[in-house]
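1. coordinates only, sequence not included:
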C-alpha cells in the first residue's frame, strides 16, 4: 500500500474530499454493507424492571430476557433517579449476571475442612438461623450490675455495604434491632 493510498484511506480525508465534508451523511455511516437497524432488545420475550446492584444510588434498570436467559441490561427511562442512564459499573450488570464463573449454589466449607460443598438453600438458611439464635442466647445481656434493663446482645453486629439501597438498609436496621444487636453500622458512615 502506497503512502497516497494509505492517507486516502483515513476517514477524515475521505470525509473532507468526498461529497459530505460536514460528516452528517454517508461519511458517518458504517462501511460494512447492510447496517442492522433493529434494536438489540427487540427479540426479548420479557423485560423486568430492577435496581442496579453496584451502589446505594438505586438507578433503575431494565433486564431483557429471551428463553429465560438475560440478553441485555439498560437504564430504565421511567426511573426518577437515573432517567434511563447507567454509569460504567451499572452498564456492566450484564457481565455480572451472565459470567460463567458466577456462583449459583450455596457453597459451604465445614470447620477445619479443606473442600467446599454445595448446600441447598433451605439447609443453609436453617444453619444460619440456628447459629444466630445460639449466639443471641449465649451473649444476651438482660440487666447490668445495677439492675438497669439492657435487653441486648453483644455477640451480633452488622456492617452494611454501599451496594444496599435505602429500603434494604432500613430492613437490616429493623432486623438487627429486633434481635437486640446494638452495633449496627454502614460503610457509608465509616
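-> Cool, the structure landed. Computed from a prediction, not measured in an experiment: that's the story for all the values here. Numbers count the residues shown, from 1 in each chain.
2. what's the helix or strand hosting residue 128 in contact with?
-> Under the criterion of DSSP states H and E, residue 128 resides in helix 121-139. With CB atoms under 8 Å, 6 or more residues apart in numbering as the test, helix 121-139 has contacts from 106, 108, 119, 153, 154, 155, 156, 179, 180. To be clear about C-beta, it is placed using only N, CA and C from the backbone, and glycine gets the same treatment.
3. gap between the spatially most central residue of the chain and residue 90?
-> Nearest residue to the geometric centre of the chain (CA atoms, centre = their mean): residue 53, 2.5 Å. Separation of residue 53 from residue 90 (CB to CB, to the nearest Å) stands at 9 Å.
4. following element in sequence after the helix or strand bottoming out on mean pLDDT in the chain, please.
-> Taking mean pLDDT, DSSP states H and E as the measure, helix 3-8 is the helix or strand of the chain with the lowest mean score, a mean of 67. Using DSSP H and E, the helix or strand that follows helix 3-8 towards the C-terminus is helix 11-17.
5. tell me the buried residues in that following helix?
-> Residues of helix 11-17 classed as buried by neighbour count (16 or more other CB atoms under 10 Å): residue 15.
6. what's the following helix or strand after that helix?
-> Once the chain leaves helix 11-17, the following helix or strand, as judged by DSSP H and E, is strand 46-51.
7. who does that following strand pair up with?
-> Paired neighbours of strand 46-51 in the sheet (DSSP bridges): strand 60-66 (antiparallel).
8. tell me which helix or strand comes right after the strand it pairs with.
-> Scanning forward in sequence from strand 60-66 by DSSP H and E, the next helix or strand is strand 69-75.
9. neighbouring strands for that following strand, and are they parallel or not?
-> strand 60-66 (antiparallel).
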